[in-house]
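A.B. asks: The following comprises the amino acid sequence and a computationally predicted model.
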Amino acid sequence: MLIEGLGSATISNGLMRVETFQRNAKGEDVSGPELLIPANRIAAIAAGLQMLLQKAEEVAQSPAALELN
């Protein structure tokens, strides 16, 4: 699954539905697959994504990562 952007989100029936976008060959954003997250797991998933972002930033700033660029 490739996600290049996020759109609107709604919560109903115990699920958060998040619209996603992908870029097509013309460089235009088009709708992608919808993320479905159980409402009782939203905070945990958001925290997990934040942790992954922090790790990715650390790796990107490490000297080894700079050598690969």
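C.D. replies: Alright, I've got the coordinates. Numbering: from 1, shown residues only.

A.B. asks: residues making contact with stretch 19-26?
C.D. replies: Applying CB atoms under 8 Å, 6 or more residues apart in numbering, the set of residues contacting stretch 19-26 from outside is 2-9, 29-35. In this view, the C-beta of every residue, glycine as well, is placed from N, C-alpha and C.

A.B. asks: now that stretch: mean pLDDT?
C.D. replies: Averaged across stretch 19-26, pLDDT comes to 96.

A.B. asks: Any buried residues in it, and which?
C.D. replies: Buried residues in stretch 19-26, defined by neighbour count with 16 or more other CB atoms under 10 Å: 20-21.

A.B. asks: same thing with stretch 24-39?
C.D. replies: By neighbour count on 16+ other CB under 10 Å, the buried set for stretch 24-39 is 32, 35, 37.

A.B. asks: Turn these into CSV, including pLDDT, distance to residue 19 and secondary structure.
C.D. replies: Shown next, in CSV, are the buried residues of stretch 24-39 (pLDDT from 0 to 100; distance: CB to CB, whole Å; DSSP: H, G, I helix; E, B strand; the rest coil):
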residue, pLDDT, distance to residue 19, secondary structure
32, 95, 8, coil
35, 96, 8, strand
37, 97, 12, strand
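
A.B. asks: Where does the prediction get shaky in the chain?
C.D. replies: By pLDDT under 70, the low-scoring segments of the chain are 63-69.

A.B. asks: where exactly do the helices run in it?
C.D. replies: Under the criterion DSSP state H, the chain contains helices at 42-61, 63-68.
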